[in-house]
Structures are given as structure tokens and as C-alpha cells.
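[1] Predicted coordinates and the sequence they were generated for:
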Amino acid sequence: MESPLANIVTATVTIDASALAHNIAQVKQCAPHSKIVTVLKANGYGHGIERIAKMLPEQADMIGVARACEAIQLREAGIKQPILLMEGFFTEQDLAHVVTYDLHTAISTPEQLEMLLSANLSQAINVWLKVDTGMHRLGIDATNFDAAFTQLQQSNNVADDIVVMTHFASADIASGASAQAQLQQFEHLVEGKQTALSLANSAAVVAWPQAHQDWVRPGVMLYGVNPMTTEKSLSPTLRPVMTLQASLISKRLISAGETVGYGDTWTAKQDTYIGVVAVGYGDGYPRHAESGTPVLINDRIVPLVGRVSMDMITIDLGPDSSDNVGDIVTLWGNGLPIEDVAECASTIAYELLCNIASRVKVIER
Ligand SMILES: *Cc1c(COP(=O)(O)O)cnc(C)c1O
């Protein structure tokens, strides 16, 4: 008989190209008249930036990244689509890269504006002027917006067709006052300007149709995460692009009153089978996941118990377990929404996705 260890898999993610295509089609259905900036920053939200870029279907009109290094990585991998630096450039060298690698760039601070206006570029670049409408993170102050817009229009360094953009603080709360106020402020600022507009992250794609305008900028929903924190049912049905799995590598019977794992934080209330799964915080599974965090094995949900270790977690298989060493365990993805896991770890799905470690094996499907 083959050893049950023959089929063991350590932490592995499956990346599902058809799910990505499905989710992008959902974006298109939500915002049929807008072009799409597919947001691939932070290594494609942990899915692999080059991998996701190569999987993008035609509706992806542009790719959005945060840093110049991400854009350069894509260009060097042969990606030809337009790429937008959503945070803009930070150094003279970054600005030179914008020209060399044919990037679009946001202008989000007075320093960036000044650097661009005083530069001597060999060709005009495509600029997205970001205005602060209430998030108070990046973006030119509303009071300086008109002047900045005019300066950019008059600059030889700037191509025609400036896009004006802003970013919401709370678009994930449907009909919330914060996003409503930002929307009104934005509409007031751009009134009478013949220029393309962009406001919507995933949550605004779903919940704020007035914000769709010329370009939407979905990130997390591309990967199959529901972007809403209230009224989640507003979101179209999305499919998880990433499924994280690992094998059961051990199973033991413990008695009522015995503890499991570092710090003895969990005590069995009854005699039960404890399973050990080959995934831990060294793979990106969150160390703060509490006892009770859902884990999927053989079509049922069982609780994580005890502390998450670097390379392993322990789960309570129950007294009647017929699970076997070698069985596949799903930590999130198909069959187990990552949002549910994130909640049990006091974090958000974005962070779990971004934290997938480089040692995790990747399978494309
Ligand atoms: C990250 C980012 C997005 C995408 O946000 P999601 O919530 O993931 O959809 C859109 N716009 C900007 C400027 C961003 O930085």
C-alpha cells in the first residue's frame, strides 16, 4: 500500500484564471460605460503580479500599480498594456522611468507637481491629477486643485487628456455620508472641465454608480473578495481567484482536559481528534487567527484550535473523525470565503492575500 505521506502537499495556492475573468466581467456589468484600471499592486494582491497581468482578459484597459518598481517588473516581463503609477513617482529617477517605460503617473502631492513642472522631459507624459476630497491621505488640496490643473495643462511635460482622480475613504458603506460628501466635493471641483474622471475602487464600483465616470479602479473584487462591509448582498457574485490548501500531516486522539499548542491556550472539552495541517504564519496564514477560525476538510468546517505556529496549525476534527493523514485542507478560497477567515484574525482579506509567502507553492488553473 502506498504511504499516506506520498500525497502530502505543504501550503499551496491555486490561482484560477477563469475566476479572474468572471470577476472582471462582473466589474464590466456593474460599470458598463467605464474603462477599467485593473489594480495589480502588492504583487497582484499576493497572487503574483506577472501571473495576473498575463491572465488579464481584454476588458482590462490599463494596469494600476503603486510603485515604479512594480511597473518596471511588468514591462520587463513583456506586458504592453498602459500602466498607471497610482501613487506617482518619488525620485527624479522614478520620473525618468515614467518616460523610459511609457507609464502613466498620478500627481498626488505638491512635491510631485513641482518636480514634474520643473523637469526637462524628452517627451510629454500622461498624468492623472489626484485631488483630496476628504480622505486626507494623498491628493492635491481642493483649494489648490484649479491652479494645479491649469499648470499641468500648460506644461510641455504633460500630454493632453489629463485624468482627474480621487479616492474614497468609506465607499464600502453603501449610501454612507462620507462617500456622498466626497462625491459632491469632486463633482463641484471638476464642474465645467472637459477632462476624464476616475473615482471608484471596488466598493464604489459596486455601491456608487454615480462615481463610475470614465475609469474605474477595482482591486480586491478582481480577486473575488466582496468589497462591501455593509450591505454585502449589493456585490455581484464573485469567485475566489486564490485557494490556499495544505495536507493533514498528522492526527492524534487527545483526552478531555488536555491542551494543544504553544502557550496551552486551548483545552479539549471532550476526547477528540486533533489534526495538524502543513500551513502556518511562515506561509502567510495569520498568526492572530483565533481558536474557532473556520477550516474546511472533507466538505465540513472544523475549528482551528490553539495558536498558529510558523509551519503548522492544529484543528479539532471531533471525536468521530474519519479524516486521514494526506487529506487536503482548505484554508480559504473555494468553499471557504477568505473574508470569514480574516474576521477571525481581526484583519481584512486584503492583508491575508498580500501576506502569502514566497515559499508557498503556486499552481495555475
Ligand atoms: C488600491 C487602490 C485601488 C483599489 O482598491 P480596492 O479596494 O482593492 O478596489 C483603487 N485606487 C487606488 C488609488 C488604490 O490605491
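    Right, received. Where do you want to start? Numbering: from 1, shown residues only.
[2] Isn't Leu197 up against His212?
    No. The criterion here is CB atoms under 8 Å, and Leu197 misses it with His212 at 9.3 Å. For glycine as for every other residue, the C-beta is placed from the backbone atoms N, C-alpha and C.
[3] ok, the residue nearest to Asp132 when sequence neighbours are not counted - contacts?
    The shortest distance from Asp132 to any non-neighbouring residue, by CB to CB, 6 or more residues apart in numbering, is to Gly139 (3.2 Å). Residues in contact with Gly139 (CB atoms under 8 Å, 6 or more residues apart in numbering) are Ser108, Lys130, Val131, Asp132, Thr133, Thr166, His167.
[4] Which ones among these map onto helices?
    Taking DSSP state H, every one of the contacts of Gly139 sits outside helices.
[5] Tell me how many other residues crowd the closest residue to Val39 other than its chain neighbours.
    Distance criterion CB to CB, 6+ apart; nearest residue to Val39, sequence neighbours excluded, is Gly219 at 3.5 Å. For Gly219, the count of nearby residues is 23 (other CB atoms under 10 Å).
[6] tell me the phi and psi of the one residue in the stretch 201-350 of the chain that gets nearest to the ligand?
    Across the stretch 201-350 of the chain, the shortest distance to the ligand (CB to the nearest ligand atom) belongs to Gly219, at 2.4 Å. Here the main-chain torsion angles of Gly219 (degrees, to the nearest 10) amount to phi -120, psi -80.
[7] Roughly how far does it sit from Trp266?
    Separation of Gly219 from Trp266 (CB to CB, to the nearest Å): 35 Å.
[8] ok, Ile15 touching Val360?
    No. Ile15 is beyond contact range of Val360, at 11.0 Å (criterion: CB under 8 Å).
[9] what sits against Leu116?
    Leu95, Ile107, Ile125, Val127, Leu152, Ser155, Asn157, Val158.
[10] filter those down to the ones near the ligand?
    Among the contacts of Leu116, no residue lies close to the ligand (CB under 6 Å from any ligand atom).
[11] ok, which pair from these is furthest apart?
    Largest separation among those by CB to CB: Leu95 and Leu152, giving 14.2 Å.
[12] who has more neighbours, those two?
    Comparing Leu95 with Leu152 by other CB under 10 Å, the one with more neighbours is Leu95, at 23 against 19.
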